[in-house]
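Engineer: Sequence and predicted structure, then a few things I'm wondering about:
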Amino acid sequence: MNIKEHLADTFRFNDHANRLVLERMREIGDADECVRLFSHLILCMDKWLARVEGTDGYWKLDWWEPVYPLESLADEWQRCLTAWLRFIERMGESELRATVQWYNPDAGGAEGVANYEAEIVDIALQLNYHAIHHRAQIQSLIRAQGIEPAFVDYIGTRFRRI
């Protein structure tokens, strides 16, 4: 499997797992923190794609705001997922290994002048690993409210009875 296929497959796995978790979120009484974390995943994907694509003012996008309503999360998730999958589809293998530079205002420097860099492939992997981290937090919050969390293990999408 080449890196392009691997990234697309990883985004699709996270899509599957996130949708299962989103279903469980609809079953709990107090979903506010779950909604905040799920919104954060979407916002991170948006901000990183804006960075990678060099969208003017990307550094002004927030990691935590806005918090989307629970009813909007599925649509917002689909929007940002589709944008990333289309981006990956447009890229060749070497383009995915290209280095992207960005400005991080938390680290100082002149506004808009790059002060960090990473390969696109690493940024895409970060987004997916980051989703696993916050999905686990959401699953814990769901369990704390007495609802059985969704089965979201990666191997669960791969194994088959023989």
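Structural biologist: Now that the structure is in, tell me what you want to look at.

Engineer: Next, the buried residues of the host helix or strand of residue 49.
Structural biologist: Using DSSP states H and E, residue 49 falls within helix 32-53. Neighbour counts over helix 32-53 (16 or more other Cβ atoms under 10 Å) mark 34-35, 37-52 as buried. To be clear about C-beta, it is placed using only N, CA and C from the backbone, and glycine gets the same treatment.

Engineer: Name the next helix or strand following it along the chain.
Structural biologist: helix 73-90.

Engineer: Can you give me the buried ones in the next helix or strand after that following helix?
Structural biologist: Next helix or strand after helix 73-90 toward the C-terminus (DSSP H and E): helix 93-96. The neighbour-count check on helix 93-96 (16+ other Cβ under 10 Å) flags residue 96 as buried.

Engineer: try stretch 16-26
Structural biologist: Buried, per 16+ other Cβ under 10 Å, within stretch 16-26: 17, 18, 19, 20, 21, 22, 24, 25.

Engineer: again, but for stretch 89-106
Structural biologist: 91, 96, 100, 102, 103.

Engineer: Roughly how far does the first one sit from residue 39?
Structural biologist: In this structure, residue 91 and residue 39 are separated by 27 Å, where distance is defined by Cβ to Cβ, to the nearest Å.

Engineer: Could you verify my assumption that residue 87 touches residue 50?
Structural biologist: No: assessed by Cβ atoms under 8 Å, residue 87 is found out of contact with residue 50, at 11.0 Å.

Engineer: I'd guess residue 100 is in a helix, am I close?
Structural biologist: No: using DSSP: H, G, I helix; E, B strand; the rest coil, the assignment for residue 100 is strand, not a helix.

Engineer: wait, what's in contact with it?
Structural biologist: By Cβ atoms under 8 Å, 6 or more residues apart in numbering, residue 100 lies in contact with 51, 52, 117, 118, 119, 120, 123.

Engineer: now for those, which pair is the farthest apart?
Structural biologist: Pairwise distances across these (Cβ to Cβ) peak at 12.7 Å, for the pair 51 and 119.
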